[in-house]
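1. Just a sequence and a predicted model for now, questions to come.
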Amino acid sequence: MSSLILRAATRALAPLLILLSLFLLWRGHNEPGGGFIGGLVAASAAALQGIAFGPAAARRMLWLPPAAVAGVGLAAALLSIVPSALFGLPPMAALWSKVDLGDGAYIPLGTPLLFDVGVFLVVVGSVVALIAALEHKPE
């Protein structure tokens, strides 16, 4: 089924959903949200693309195959444990750094954000792979 209204709405909604997912990811390590919720919102944008334009459009939203995106996410999540081990702290202990922007402004970066990015990528890669598998038509 091909719907002109769905395709037009998808062109407008998918970028907004991606921006919302990035906002949830960034905000999530200090407030409600984070990698899982942000990943689900980004995956819903991919699902919308898949429904409106076909499974290939959902896969094109990613720069790598979905399984590779999930693998990179898993590696990032595991990498977030390393700094705490290097400092002799318990696993998953939060370590923070500040990136100075000048004039007293800074961006706080830490291991929780790296973990959230990893979870985000795992969720997006897994859900897009699932969507592609469900929408695949056997020949």
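-> Here it is on my side, so go on. Since the model is a prediction, treat every value here as computed from it, not as a measurement.
2. When you work out contacts or count neighbours from here on, use the C-alpha atoms and nothing else.
-> Noted.
3. how far away is the spatially most central residue of the chain from Ala93?
-> For the chain, Phe120 is the residue whose C-alpha lies nearest the centre (CA atoms, centre = their mean; 3.4 Å). The spacing between Phe120 and Ala93, counted by CA to CA, to the nearest Å, is 19 Å.
4. One more: Trp63?
-> On the measure of CA to CA, Trp63 and Ala93 end up 31 Å apart.
5. So the two - more neighbours on which side?
-> Ala93 (17 against 9; other CA atoms under 10 Å).
6. So the more buried one, which state does it fall into?
-> Counting by DSSP: H, G, I helix; E, B strand; the rest coil, the backbone at Ala93 sits in coil.
7. Work out the gap between stretch 49-67 and the centre of the chain.
-> 14 Å (CA atoms, centre = their mean, to the nearest Å).
8. er, stretch 66-78 actually
-> Relative to the centre of its chain, stretch 66-78 is centred 10 Å away, using CA atoms, centre = their mean.
9. Residues touching that stretch, excluding its own?
-> Applying CA atoms under 8 Å, 6 or more residues apart in numbering, the external contacts of stretch 66-78 come out as 59, 62, 114-126, 128-129.
10. Contacts for the helix-or-strand element of the chain with minimal mean pLDDT, please.
-> When each helix and strand of the chain is scored by mean pLDDT, DSSP states H and E, helix 55-60 comes last, with a mean of 81. Identification of contacts with helix 55-60 by CA under 8 Å, 6+ apart yields 46-50, 65-66, 128, 131-132, 135-136.
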